[in-house]
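A.B. asks: Sequence first, then the predicted structure:
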Amino acid sequence: MEGHNWNIWPLLQWRDLGGALGTGSHSAESKSTGALASLSLSASAPPALRGAHSTICSAHRAVLALHTAMASAPQVALVTGANKGIGFAIVQQLCRQFPGDVVLTARDEARGRAAVQQLQAEGLSPRFHQLDIDDLQSIRVLRDFLRKEYGGLDVLVNNAAIVFKPADPTPLHIQAEVTMKTNFFGTRAVCTELLPLMKAQGRVVNMSSIITLIALKKCSPDLQQKFISKTITEEELVGLMNKFVEDTKKGVQQKEGWPDIQLLPYAVSKMGVTVLSRIHARNLSEQRRGDKILLNACCPGWVRTDIGGPKGIKSPEEGAETPVYLALLPSDAERPHGEFLMEKKVEQWGPLCQLPSWVPF
Ligand code: NAP
């Protein structure tokens, strides 16, 4: 009864294969290997069925390869804008404490490789990958590298940012557009491409700033409500960030309720980063609850770097402490998640928060 043979086996194999695919765990490998071992058709099977059978086998092999790659890939942590300043110090500390590979990224290859060499001279072994967060192509090349070499990402630190100094003569609306492009839209683009790669128990740290709390306090009540809303969507936030840039072009930013403070474009772009972090954390809780990924924003303090200036009260190494703490939260930790932290402590995101005494304005 040859006919019965080719009728029954493919059905069994479909079920086994479906079960293996459905588990989403590494145990799928051994289960599906068993299924693969029994994948055989008798010579009298009809050509259509043989074709389907071959397709299933190919798909099955691809899944096996993916599972094998993910099971054997080392853990990986990545820091953006890490050729200097706090990002460099974060990579340095992760190289000492993170149990896997650490990727130092920089938009300029020569500056990035020089930073890697500096760390190698200290006996550390970061990897290098180019990343310009303003360039979608650059982000996607990095994404493909992470997929291929690691099957995903365990720690992402969104550190890269720019600021126009208070004395900079560049017109405000240009400052607003350029700063928003990197600090908010560049960070968001990295999240769009890399958050789907985050592995279970992954950690995401977004570098924000205390200046976002100062800005929030000084926004109009209407804007405050929007920025502290627990239901604001990413599209609504993008709309607010674009509106800020448009308002500066028309010179109506104060009339429209934006704060009247120094470093205004930097402050509003980072307010976007803080609120984006809350939104992404909420999405992760809804869509990947079982994966226990923790995502937070933080302020490193006032740090002596090109952004912080020479009067900062912390060294870059001290500034790296809170982001590294968040990057290395233990695998069984359930919080903090979706919070804003300073000095490793959660700060209330709202206009009534207390500002530390070192805040210069
Ligand atoms: P920093 O020394 O100026 O470092 C900024 C880094 O971002 C540099 O490596 C820079 O690369 C990189 N970068 C800028 N634009 C980029 C882009 N488009 N793509 C990729 N990398 C880019 O400043 P920092 O003080 O260490 O700042 C680190 C983070 O901490 C920032 O998010 C900042 O907002 C935050 N922060 C700092 C302070 C402080 O007091 N320093 C306070 C609060 C928050 P290049 O060298 O190529 O320019």
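C.D. replies: All right, it came through fine.

A.B. asks: This structure: strands as residue ranges?
C.D. replies: Under the criterion DSSP state E, the chain carries strands at the ranges 76-79, 101-106, 127-130, 153-158, 198-207, 294-299, 340-342, 345-347.

A.B. asks: Let me have those strands in JSON lines, extended by distance to Arg140 and mean pLDDT.
C.D. replies: C-beta: built from backbone N, CA, C; applies to glycine. Output for the strands of the chain, formatted as JSON lines (distance: least, CB to CB, whole Å; pLDDT from 0 to 100):
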{"stretch": "strand 76-79", "distance to Arg140": "14", "mean pLDDT": "99"}
{"stretch": "strand 101-106", "distance to Arg140": "14", "mean pLDDT": "99"}
{"stretch": "strand 127-130", "distance to Arg140": "12", "mean pLDDT": "98"}
{"stretch": "strand 153-158", "distance to Arg140": "14", "mean pLDDT": "99"}
{"stretch": "strand 198-207", "distance to Arg140": "16", "mean pLDDT": "98"}
{"stretch": "strand 294-299", "distance to Arg140": "21", "mean pLDDT": "98"}
{"stretch": "strand 340-342", "distance to Arg140": "29", "mean pLDDT": "97"}
{"stretch": "strand 345-347", "distance to Arg140": "34", "mean pLDDT": "96"}
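
A.B. asks: Including mean neighbour count, could those go into JSON lines?
C.D. replies: Converted to JSON lines, the strands of the chain look like this (neighbours: other CB atoms under 10 Å):
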{"stretch": "strand 76-79", "mean neighbour count": "28"}
{"stretch": "strand 101-106", "mean neighbour count": "26"}
{"stretch": "strand 127-130", "mean neighbour count": "17"}
{"stretch": "strand 153-158", "mean neighbour count": "26"}
{"stretch": "strand 198-207", "mean neighbour count": "22"}
{"stretch": "strand 294-299", "mean neighbour count": "27"}
{"stretch": "strand 340-342", "mean neighbour count": "20"}
{"stretch": "strand 345-347", "mean neighbour count": "14"}
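
A.B. asks: what does the stretch 101-250 of the chain have sitting close to the ligand?
C.D. replies: Proximity of the stretch 101-250 of the chain to the ligand (CB under 6 Å from any ligand atom) is limited to residues 106-108, 111, 131-134, 159-162, 182, 186, 207, 209.

A.B. asks: residues in contact with Arg96?
C.D. replies: Arg96 makes contacts with Leu124, as judged by CB atoms under 8 Å, 6 or more residues apart in numbering.

A.B. asks: My error: substitute Val103 in the last question.
C.D. replies: Val103 is in contact with Val76, Ala77, Leu78, Val79, Pro126, Arg127, Phe128, His129, counting by CB under 8 Å, 6+ apart.

A.B. asks: Would you mind listing the outside residues contacting stretch 275-288?
C.D. replies: Residues outside stretch 275-288 that contact it (CB under 8 Å, 6+ apart): 184, 187-188, 191, 195, 204, 206, 208, 227, 230, 232-234, 237, 291, 293, 295-297, 337-340, 349.

A.B. asks: Show the buried residues in the residues you listed.
C.D. replies: Buried subset of these (neighbour count, 16 or more other CB atoms under 10 Å): 184, 187-188, 191, 195, 204, 206, 208, 227, 232, 234, 237, 293, 295-297, 337-340, 349.

A.B. asks: The ligand versus Pro74, what's the distance?
C.D. replies: Distance of Pro74 to the ligand, given as CB to the nearest ligand atom, to the nearest Å: 24 Å.

A.B. asks: Now that residue: phi and psi?
C.D. replies: Here is the backbone geometry of Pro74 (degrees, to the nearest 10): phi -70, psi 160.

A.B. asks: Near the residue lying closest to it once chain neighbours are set aside, how many other residues are there?
C.D. replies: Among residues not flanking Pro74 along the chain, Gly100 sits closest, at 4.8 Å (CB to CB, 6 or more residues apart in numbering). As a burial measure, Gly100 scores 13 neighbours (other CB atoms under 10 Å).

A.B. asks: Thought Gln75 was touching Gly100, still the case?
C.D. replies: Yes: using CB atoms under 8 Å, Gly100 is in contact with Gln75, at 2.9 Å.
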